[in-house]
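Engineer: Just need the structure, nothing else, for what follows:
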Amino acid sequence: MSISAKDVMKLREATGAGMMDCKKALTEADGDFDRAVEILRKKGQKVSEKRADREANQGLILINVSEDHSKAAAIEINCETDFVARNDDFQKSAQSFLDKAFENEIGSIAELKQEEVDGLTIQKHLDEMVGKIGEKIELSRVLYIQSSGALVEYIHPGNQLGVIVEFESSIDNDDVAKDVAMQIAAMNPLAVTRDGVDATVVEKELEIAKEQLINEGKPAEIAEKAAQGKLRRFYEERVLLEQKFVKDNGISVKEYLEQNNAPLVRSFHRLQLGEA
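Structural biologist: Model prediction:
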């Protein structure tokens with residue numbers, strides 16, 4: 001049967017699929033619009049399956065924090081190229097997924113994929129995006145946080161790195177809060193305090209330090225003591241409150257907060273694109 005350009009355009013506007021794909025789907029469906037939509041969705045699912053083993057290390061980190069700083073949501077959505085990540089439609093879809101996680105307080109990928117946006121589950125939206133764009137697209141991280149303190153976010157330009165900082169109580173100075181979030185983005189600490197560093201990481205650092213000292217000719221008993229000194233330097237580099245403040249190396253992050261009468265940091269999340 002003959003397929004009109006008007007029908008093709010209507011299907012394209014409804015699905016975002018390419019003109020030729022829309023025409024083929026309408027032809028296969030004998031002009032039945034709903035069936036054509038279904039054909040395109042199935043095609044998207046097939047493309048998605050074919051793309052399952054492809055690398056998807058580009059994309060976006062998005063964060064939303066409530067006005068009262070009590071709750072926050074974040075997602076990481078990946079694609080294969082930066083070109084797609086910068087596409088307006090891709091970004092709008094990603095934002096709608098984040099909004100759904102924020103509104104419904106969802107902190108897992110599986111749960112978020114079952115939520116509906118504009119009448120379709122997010123899983124279906126992802127399948128359609130794959131069919132339309134032709135790249136592997138996936139949600140790789142979903143985070144939802146509630147706090148009795150205060151949550152503050154920082155997104156590095158380009159949306160490839162984001163930070164959520166939880167302060168122990170409300171923080172009045174936005175500039176101080178942002179400075180700490182940017183510190184975490186730049187200096188990539190492992191934990192807020194020494195107690196938060198994984199014991200196996202500490203043991204490994206001590207082992208490496210002792211081996212280095214012994215290789216330098218230090219006796220084993222001296223190497224044991226000197227390794228503790230190296231471990232202190234490790235803490236100064238990798239523990240947030242002990243790190244040198246990036247805007248003033250003469251003070252630590254803890255001292256910077258105390259000098260500004262700001263609460264200490266309780267926890268943080270640093271989301272680097274591709275690390276999920």
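
Engineer: how about the strands in the stretch 101-250 of the chain?
Structural biologist: Under the criterion DSSP state E, counting those that start in this stretch, strands of the stretch 101-250 of the chain are mapped to 116-117, 120-121, 138-146, 150-155, 161-167, 244-245, 248-252.

Engineer: tell me which residues in the last one are buried?
Structural biologist: This points to strand 248-252. Neighbour counts over strand 248-252 (16 or more other CB atoms under 10 Å) mark residue 252 as buried. Using the backbone N, CA and C atoms, a C-beta is placed for each residue, glycine as well.

Engineer: likewise the longest one?
Structural biologist: Within strand 138-146, the residues that qualify as buried are 138, 139, 140, 141, 142, 143, 144, 145, counting by 16+ other CB under 10 Å.

Engineer: closest one to residue 56 among the strands of the stretch 101-250 of the chain?
Structural biologist: Each of those was checked against residue 56 via CB to CB, and the shortest separation belongs to strand 138-146, namely 5.7 Å.

Engineer: Can you name every helix or strand that that closest one contacts?
Structural biologist: Identification of packing neighbours for strand 138-146 by 3 or more CB pairs under 8 Å, 6 or more residues apart in numbering; DSSP states H and E yields strand 71-79, helix 88-103, helix 109-114, helix 122-133, strand 161-167, strand 265-272.

Engineer: so can I have a markdown table of those showing distance to residue 21?
Structural biologist: Conversion of those to a markdown table gives the following (distance: least, CB to CB, whole Å):
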| stretch | distance to residue 21 |
| --- | --- |
| strand 71-79 | 19 |
| helix 88-103 | 16 |
| helix 109-114 | 24 |
| helix 122-133 | 8 |
| strand 161-167 | 34 |
| strand 265-272 | 34 |
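
Engineer: Compare the mean pLDDT across those and name the weakest.
Structural biologist: The stretch with the lowest average pLDDT out of the helices and strands packed on strand 138-146 is helix 122-133, scoring a mean of 89.

Engineer: could you give the angle of it to strand 138-146?
Structural biologist: Here the directions of helix 122-133 and strand 138-146 differ by 140 degrees (axes from the mean of the first three to the mean of the last three CA atoms, to 10 degrees).

Engineer: Give the other helices and strands that helix 122-133 contacts.
Structural biologist: Contact analysis of helix 122-133 by 3+ CB pairs under 8 Å, 6+ apart lists helix 33-50, helix 88-103, helix 109-114, strand 138-146 as its packing neighbours.
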